[in-house]
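Asker: with the sequence up front, the predicted model follows.
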Amino acid sequence: MTTKGRLFGAALGLILLAPACATSEVSEPVPTIPSITTMATSDTTSSPSSTTSGVGPSTATTSAPTSTTTTPLDPLTGFEVDLIAEVHRPVVAVPVPGKADLLVVDQQGQIVAVDENGTVAEFLDLTDRVGANGIEQGLLGLALHPDFASNGRFFVYYTAPDNDSHLVEFGLTADGQGDRDSARELMYFEQPTDRHNAGTIVFGPDGYLWLSLGEGGSASENAQNPATLLSSLLRLDVDSGDPYGVPADNPFVDDGGAPEVWAFGLRNPWKFSIDPVERMIYIGDVGHSDWEEIDVVSMDTGAGSNFGWLPMEGTHCFISGCDPSLYTAPIIEYSHEGGNCSVTGGVVYRGRAIPEFDGHYFYADWCGGWIRSFKLVDGAATEMTDWSEQLGNVGQVTSFSADRDGELLFTTWDGGVYRLVPVRG
């Protein structure tokens, strides 16, 4: 059953993401927003959703949320959350094109299908291939091919019991479930330690597969070397080559680094997302001892960006004598003061239920238990808001995503899959 209500005081667990940093400068009050009479439109790509009776290819397509209503909306007074499902250790929730449901990744090694009633059913079990030690390892990423409705292709990123990481493509069985026997490995990463594996995978509006990798817990070896795939944002063409192709406009195709690397200098980009409307990439990069950061760059102009780890942590020199002008600075940073420890990167809202927040980016902190938002305007964060007064402590947020209508979803380490809903009055 679906449970609706505000979420308060979720207890924090003992396992933490690799320390990140945070100074809370997000102190602006919750904005007062007037009623509006038209809904914002959104030009999004296919969004995730799934089904318990099989999520096989569908002839239906997922269109971007559009608006036809002119019914006035009551003023937005805040947010609350709906618990829509409970999964053991959810770290990713994605919609399936043409379906009303979700595929949810359990960090322990399963992908489950959740229908619109919150019923959970197995989709693919990889627990025998996955090593899940703490939250920094396990089954960490899932992306559905843009043509999933017709070709059934999907991709996962996970760490194996030997601590190394794998990017693997799968297909579907005849009854629309994940086919274990169809596994085709695209990439294999030797990890120097069992930490900082990152692991988000998404398809961008360019049709390419993007993958975030941490520096493997060994910063001095990987962070400032784009020739090593770790500590980077990768961009792959999974529709050409064997086992994949490299887009010709990747920045290091001809020289200076690995051709798969699109940007580098990241510590542990646990979660990143791409806003298909503005074509901006938002990266929540987990810090070390003092500062957490969110980096934002354009898909069209940001290729080759160096986000500064190891010399920099946020906008601060981690190594004495560093030159901040050499690196791409974060849009947001916050300190570990007040109990913060590790940023969970989020998504830009492009749904229809809360048009006042179209274009606002929502994110969280693993230890702080809060959700905050801001809107990027001319390269700067504006309308920065902390929603703690509205939502209370939401616990350890592991990921954000959007359902098929563009409405905001988030998952928590204690097993919750939630939808953010507006409160009006």
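Answerer: That came in fine, so what should we check first?
Asker: now do the contacts for residue 345.
Answerer: Residue 345 sits next to 200, 269-273, 282-285, 294, 363, 400 when contact means C-beta atoms under 8 Å, 6 or more residues apart in numbering. In short, each C-beta sits where N, CA and C put it, glycine included.
Asker: try 6 Å this time
Answerer: Taking C-beta atoms under 6 Å, 6 or more residues apart in numbering as the contact definition, residue 345 lies against 271, 272, 284, 363.
Asker: is residue 365 in contact with residue 338, as I believe?
Answerer: No. Counting by C-beta atoms under 6 Å, residue 365 does not reach residue 338; the two are 9.4 Å apart.
Asker: these two: which has the busier surroundings?
Answerer: For the pair residue 365 and residue 338, the greater number of neighbours falls to residue 365 (26 against 13), based on other C-beta atoms under 10 Å.
Asker: so that one bridges to which residues?
Answerer: Beta-bridge pairing for residue 365 (DSSP bridges): residue 343.
Asker: mind listing the helices for the stretch 51-200 of the chain?
Answerer: Using DSSP state H, counting those that start in this stretch, the helices found in the stretch 51-200 of the chain span residues 148-151.
Asker: shaky segments in it?
Answerer: Residues of the stretch 51-200 of the chain meeting the criterion pLDDT under 70: 51-70.
Asker: mind doing that once more with 80?
Answerer: Residues of the stretch 51-200 of the chain meeting the criterion pLDDT under 80: 51-71, 99-100, 134-135.
Asker: which residue is the nearest non-sequential neighbour of residue 162?
Answerer: Excluding the flanking residues, the one nearest residue 162 by C-beta to C-beta, 6 or more residues apart in numbering is residue 131, at 7.0 Å.
Asker: my guess is the one you found contacts residue 164, does it?
Answerer: No. Contact criterion C-beta under 6 Å: residue 131 and residue 164 do not qualify, at 8.8 Å.
Asker: which one's more surrounded, those two?
Answerer: For residue 131 versus residue 164, neighbours defined as other C-beta under 10 Å are more numerous around residue 131 (18 against 15).
Asker: OK, contacts around the more buried one?
Answerer: By C-beta under 6 Å, 6+ apart, the neighbours of residue 131 are 137, 159, 160, 161.
Asker: residues contacting the third one?
Answerer: Neighbour list for residue 160: residue 131 [criterion: C-beta under 6 Å, 6+ apart].
Asker: tell me the spacing between it and residue 135.
Answerer: 16 Å (C-beta to C-beta, to the nearest Å).
Asker: what do you get for the second one?
Answerer: Using C-beta to C-beta, residue 159 is found at 11 Å from residue 135.
Asker: could you look up the SS state of residue 221?
Answerer: When classified by DSSP: H, G, I helix; E, B strand; the rest coil, residue 221 comes out as helix.
Asker: what about it, how many residues nearby?
Answerer: Neighbours of residue 221 under the rule other C-beta under 10 Å: 15.
Asker: with adjacent residues omitted, what lies nearest to it?
Answerer: Nearest to residue 221 is residue 192, by C-beta to C-beta, 6+ apart, at 6.2 Å.
Asker: what's the answer for residue 279, then?
Answerer: residue 299 is the one closest to residue 279 (C-beta to C-beta, 6+ apart), at 4.4 Å.
Asker: next, the one you found: phi, psi?
Answerer: Dihedral pair for residue 299: phi -60, psi -30, per degrees, to the nearest 10.
Asker: how near is it to residue 200?
Answerer: Separation of residue 299 from residue 200 (C-beta to C-beta): 15 Å.
Asker: then residue 249?
Answerer: 22 Å.
Asker: what does residue 406 give?
Answerer: Taking C-beta to C-beta, one finds residue 406 at 19 Å from residue 200.
Asker: got the contact list for the closest residue in space to residue 380 that isn't next to it in sequence?
Answerer: Excluding its sequence neighbours, the residue lying closest to residue 380 (C-beta to C-beta, 6+ apart) is residue 331, at 7.2 Å. Shown in contact with residue 331 (C-beta under 6 Å, 6+ apart): 294, 296, 381.
Asker: please apply the same query to residue 422.
Answerer: Per C-beta under 6 Å, 6+ apart, neighbours of residue 422: 76, 353, 354.
Asker: the same query, at a cut-off of 7 Å, please.
Answerer: Listed by C-beta atoms under 7 Å, 6 or more residues apart in numbering, the contact partners of residue 422 are 76, 79, 353, 354.
Asker: same thing with residue 399?
Answerer: 91, 92, 93, 271, 344, 410, 411.
Asker: which residues does the last one bridge with?
Answerer: Yep, that's residue 411 we're talking about. So, taking DSSP bridges as the rule, residue 411 has residue 399, residue 417 as bridge partners.
Asker: what is residue 297 paired to in the beta sheet?
Answerer: Assessed by DSSP bridges, residue 297 has beta-bridge partners residue 281.
Asker: so for it, what's the pLDDT?
Answerer: We note a pLDDT of 98 for residue 297 in this prediction.
Asker: now do the one 3 residues further on
Answerer: Looking at residue 300, its pLDDT stands at 97.
Asker: give me the number of residues near the residue nearest to residue 221?
Answerer: 17.
Asker: how much space between the nearest residue to residue 184 once chain neighbours are set aside and residue 370?
Answerer: Nearest in space to residue 184, with sequence neighbours left out and distances taken as C-beta to C-beta, 6+ apart, is residue 169 at 4.6 Å. Distance, residue 169 to residue 370, using C-beta to C-beta: 36 Å.
Asker: how about residue 192?
Answerer: 32 Å.
Asker: now swap in residue 317 and tell me
Answerer: 28 Å.
Asker: between those two, which is the more surrounded one?
Answerer: Between residue 317 and residue 370, counting by other C-beta under 10 Å, residue 370 is the more crowded of the two (22 against 14).
Asker: list the residues that contact that one.
Answerer: By C-beta under 7 Å, 6+ apart, the contact set of residue 370 is 364, 386, 387, 388.
Asker: please redo it, this time with the cut-off set to 10 Å
Answerer: Contacts for residue 370 (C-beta atoms under 10 Å, 6 or more residues apart in numbering) come out as 24, 26, 338-340, 363-364, 386-389, 391-394, 397.
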